[in-house]
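*Asks:* Here is a sequence with its predicted model. Questions after.
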Amino acid sequence: MKRFAVPVPVAALLVLLAPMTALAAETAGGAPGPARVVNSGDTAWLLTSAALVMLMTPGLAFFYGGLIRRKNFLSVLMQCLMVLCLVSLQWVVFGYSLAFGPDFKGLIGDLSWVGLSGVGMEPSATYAPTAPHLAFMIFQAMFAVITPALIVGAFAERMRFGPFCIFALLWATLVYDPVAHWVWGDGGFLRKMGTLDFAGGTVVHINAGLSALAAALFLGKRRGFPDKISPPHSLPFAALGAGLLWFGWFGFNAGSALQANGLAASAFVATHVAGAAAGLAWALLDWGFHKKPTCLGMITGAVAGLAAVTPAAGFVNPLGAIAIGVGSGLTCWLSVTFIKTKLGYDDSLDAFGVHGVGGIWGTLATGIFAVASIGGTDGLLAGNPGQLWLQAKAVLITCGYGFVMTMVLLKVVDVVLRLRATETEERIGLDLTQHREASYTLID
Amino acid sequence: MKYIVAIIQPDRVDEVLDLLTEKEIHLVTVSNVLGRGRQKGIAEVYRSHKEAGSLLKKVRLEIAVNDTFVQPTVEAIIKGARTGQIGDGKIFIMDLPECIRIRTGETGNFAIG
């Protein structure tokens, strides 16, 4: 059985690719509609943003990698970078069509854009009307990549690599693509309901966060958790990773304006101040309650703030963003410091505590702090309490779907391929046992 | 007094330390080392990373004990580090003529534990 673990996705990909080369050749002109003209400024910003978001995945790899033990450093880098390869191809071959293709009952896109058929250099009729459809597609591809990579934090140091690859591919297809369609796809039911999610509070952070919780519960604790797990092997790497994430997040949020305009600038500012406020809040909480402000706490706080402002970036003003940042520092800090230790699950790198909790808070907070002058919709504080209810419904739906589907997928992959590393593999470390490599040598 | 040096596999350190603690042997120095044994580094790529030709990563434990503790220490190390495969490591025991605690100036049996 073990021998089949790696070739399966490759073979599946080849089978799928064969008819697709033919499909891609007959690029359709796109649906009829108002004249759509490519704007060079918008295109430049969207492509730049796509590159910024791409950098977040290696950034995340270093953020996570620095937080684990030396013997597993490469395994986490490999998991994140393999997702970059796998999901990028999945996206082009059929993922983009499932997420953004012509709507099927509000639940999922159909397969008419498989192999990017009809997705070309002309703008799309529905998405980013001033930039090439391909630019929008590749921008969204980077979101599809980083979301499964976020889950890695929950099961770091204990999942076998081959089954991980299968899980990541299945998760991208059966969890990410449908939820992306519900919230962002033309005709998606949450979008029609009026849910506000600017850059992925539900699709990316809640989805990944709740899946992370499911994975942590399903796989169980690491051997020796909690007393005998060494502290982070390289906080400087984690801080570098957090810096790269913060940098890439400007593409993630400000790029989601899809145009180089005032809204992009507003989202840029909101993103930055929320990250800053949350990093500061976490440091102060550590200082007050644990005597010293820690580097680990500050960078975790910043990431929590950036995650929380993601759904809100294009709907709130800078003061609203600061409130969201401070709130995320507080809620995520409580979750990681008290709730996790009380419940005793081993979410190794707090993928749920930071992205899940931050995403839930941010999506709800969008319904509280939104102002019509920024994104056209008011929230609770501006006198529209109904929006908060809409946000809460979207939170419940994505939480439930992400958690349940992930449990099912993990169970299926586990039955067929066995997910968890053996005790010996875990003890020796995944770098040597899964990749036959080591991060560091002992002599110069 | 004896000075015990053990070279063991890196993945057995936790077990050995636990077993030493059980026998109330708390003072130990641990370092990462590279070395090669009889198998000249060929056999066990899976257990330990090979570096610089035939050198393999190992962990060195150094424990200074009074004579009555020699046997428990050796038993704990063997129980924790033995898998039966090649590369489990070695234990060396040396006479220790003196031991001085820097803070107090105590010497000999008082200083060692």
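*Replies:* Done, it's in.
*Asks:* The residue lying closest to residue A:409 once chain neighbours are set aside: what's it in contact with?
*Replies:* Spatial nearest neighbour of residue A:409, chain neighbours left out: residue A:170 (5.1 Å); criterion: CB to CB, 6 or more residues apart in numbering or on different chains. The way it works is simple: take the backbone N, C-alpha and C, and place the C-beta from them, glycine included. By CB atoms under 8 Å, 6 or more residues apart in numbering or on different chains, the residues touching residue A:170 are A:409, A:412-413.
*Asks:* Quick one: residues contacting the closest residue to residue B:1 other than its chain neighbours.
*Replies:* Take residue B:1 and drop its neighbours on the chain: the residue closest to it by CB to CB, 6+ apart is residue B:96, 4.0 Å away. Contact partners of residue B:96, counting by CB under 8 Å, 6+ apart, are B:1-3, B:64.
*Asks:* now for the biggest helix by length in chain B, which elements pack on it?
*Replies:* The helix that spans the most residues within chain B, counting by DSSP state H, is helix B:70-81. Judged by 3 or more CB pairs under 8 Å, 6 or more residues apart in numbering or on different chains; DSSP states H and E, helix B:70-81 is in contact with strand B:2-8, helix B:13-22, strand B:55-65, strand B:89-95.
*Asks:* How many neighbouring residues does whatever residue of chain A ends up closest to chain B have?
*Replies:* Here the residue of chain A nearest chain B is residue A:438; by CB to the nearest CB that distance is 4.0 Å. The tally of other residues near residue A:438 (other CB atoms under 10 Å in any protein chain shown) stands at 19.
*Asks:* ok so it is a helix residue?
*Replies:* No. Counting by DSSP: H, G, I helix; E, B strand; the rest coil, residue A:438 is not part of a helix but coil.
*Asks:* For stretch A:427-434, which outside residues touch it?
*Replies:* With CB under 8 Å, 6+ apart, stretch A:427-434 has contacts from A:69-75, A:78, A:157-158, A:160-161, A:223, A:421, A:424-425, A:437-439, B:10-11, B:14, B:46-49.
*Asks:* Would you mind listing what in the stretch 301-444 of chain A touches chain B?
*Replies:* Proximity of the stretch 301-444 of chain A to chain B (CB under 8 Å from any CB of the partner chain) is limited to residues A:424, A:427-429, A:432-433, A:436-438, A:441-443.
*Asks:* again, only using 7 Å
*Replies:* Selection of the stretch 301-444 of chain A residues close to chain B by CB under 7 Å from any CB of the partner chain yields A:427-428, A:432-433, A:436, A:438, A:441-443.
*Asks:* Tell me which two of those sit farthest apart.
*Replies:* Spanning the widest gap among these are A:427 and A:443, at 24.0 Å by CB to CB.
*Asks:* centroid residue for chain A?
*Replies:* The residue lying closest to the centre of chain A (CA atoms, centre = their mean) is residue A:147, at 2.7 Å.
*Asks:* residues touching that one, list them.
*Replies:* A:176, A:204, A:207-208 (CB atoms under 7 Å, 6 or more residues apart in numbering or on different chains).
*Asks:* By neighbours, which of these wins?
*Replies:* Using other CB under 10 Å as the neighbour criterion, residue A:207 leads the contacts of residue A:147 with 33 neighbours.
*Asks:* tell me which element it is part of?
*Replies:* Here residue A:207 is covered by helix A:207-219, with elements defined by DSSP states H and E.
*Asks:* Can you report phi and psi for the residue of chain A closest to chain B?
*Replies:* Backbone torsions of residue A:438, given as degrees, to the nearest 10, read phi -130, psi 150.
*Asks:* Give me the angle between the longest helix of chain B and strand B:55-65.
*Replies:* Inter-element angle recorded for helix B:70-81 and strand B:55-65: 150 degrees (by axes from the mean of the first three to the mean of the last three CA atoms, to 10 degrees).
*Asks:* Could you tell me how far helix B:70-81 lies from the centre of the chain?
*Replies:* Mean C-alpha position of helix B:70-81 versus that of the full chain (CA atoms, centre = their mean, to the nearest Å) differs by 9 Å.
*Asks:* Show me what counts as buried in it.
*Replies:* By 16 or more other CB atoms under 10 Å in any protein chain shown, the buried positions in helix B:70-81 come out as B:72-74, B:76-78, B:80-81.
*Asks:* still on that earlier bit, between helix A:207-219 and the host helix or strand of the residue nearest to the centre of chain A, find me the angle.
*Replies:* Using DSSP H and E, residue A:147 falls within helix A:133-155. Going by the same axes, to 10 degrees, helix A:133-155 is angled at 30 degrees with respect to helix A:207-219.
*Asks:* Can you show me the helices along the stretch 201-350 of chain A?
*Replies:* With DSSP state H, counting those that start in this stretch as the criterion, the stretch 201-350 of chain A has helices at A:207-219, A:235-254, A:262-290, A:295-309, A:318-334, A:340-343.
*Asks:* Mean neighbour count, those: which tops it?
*Replies:* helix A:295-309 (a mean of 29; mean count of other CB atoms under 10 Å in any protein chain shown).
*Asks:* Go through the helix holding residue A:147 and flag the buried ones.
*Replies:* Within helix A:133-155, the residues that count as buried by 16+ other CB under 10 Å are A:133-155.
*Asks:* Just the CA trace of it, in PDB.
*Replies:* This file holds the C-alpha atoms of helix A:133-155, laid out as PDB (Å, rounded to 0.1, in the frame of the first residue of the first chain):
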ATOM      1  CA  HIS A 133      -9.300  36.800 -16.400                       C
ATOM      2  CA  LEU A 134      -6.000  34.900 -16.100                       C
ATOM      3  CA  ALA A 135      -4.700  37.500 -13.600                       C
ATOM      4  CA  PHE A 136      -7.800  37.000 -11.400                       C
ATOM      5  CA  MET A 137      -7.400  33.300 -11.700                       C
ATOM      6  CA  ILE A 138      -3.800  33.200 -10.600                       C
ATOM      7  CA  PHE A 139      -4.500  35.700  -7.800                       C
ATOM      8  CA  GLN A 140      -7.100  33.300  -6.500                       C
ATOM      9  CA  ALA A 141      -4.800  30.300  -7.000                       C
ATOM     10  CA  MET A 142      -2.500  31.700  -4.300                       C
ATOM     11  CA  PHE A 143      -5.400  31.800  -1.800                       C
ATOM     12  CA  ALA A 144      -6.300  28.200  -2.600                       C
ATOM     13  CA  VAL A 145      -2.700  27.300  -2.000                       C
ATOM     14  CA  ILE A 146      -2.200  29.000   1.400                       C
ATOM     15  CA  THR A 147      -5.400  27.800   2.900                       C
ATOM     16  CA  PRO A 148      -4.600  24.000   3.100                       C
ATOM     17  CA  ALA A 149      -1.000  25.000   4.100                       C
ATOM     18  CA  LEU A 150      -2.500  26.800   7.200                       C
ATOM     19  CA  ILE A 151      -3.900  23.500   8.500                       C
ATOM     20  CA  VAL A 152      -0.400  22.000   8.600                       C
ATOM     21  CA  GLY A 153       0.100  23.900  11.900                       C
ATOM     22  CA  ALA A 154      -2.400  21.600  13.600                       C
ATOM     23  CA  PHE A 155      -0.900  18.200  12.800                       C
END
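*Asks:* re the thing from before, export the contacts of residue A:170 to JSON lines and append columns for pLDDT, secondary structure and neighbour count.
*Replies:* Output for the contacts of residue A:170, formatted as JSON lines (pLDDT from 0 to 100; DSSP: H, G, I helix; E, B strand; the rest coil; neighbours: other CB atoms under 10 Å in any protein chain shown):
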{"residue": "A:409", "pLDDT": "97", "secondary structure": "helix", "neighbour count": "22"}
{"residue": "A:412", "pLDDT": "97", "secondary structure": "helix", "neighbour count": "13"}
{"residue": "A:413", "pLDDT": "97", "secondary structure": "helix", "neighbour count": "22"}
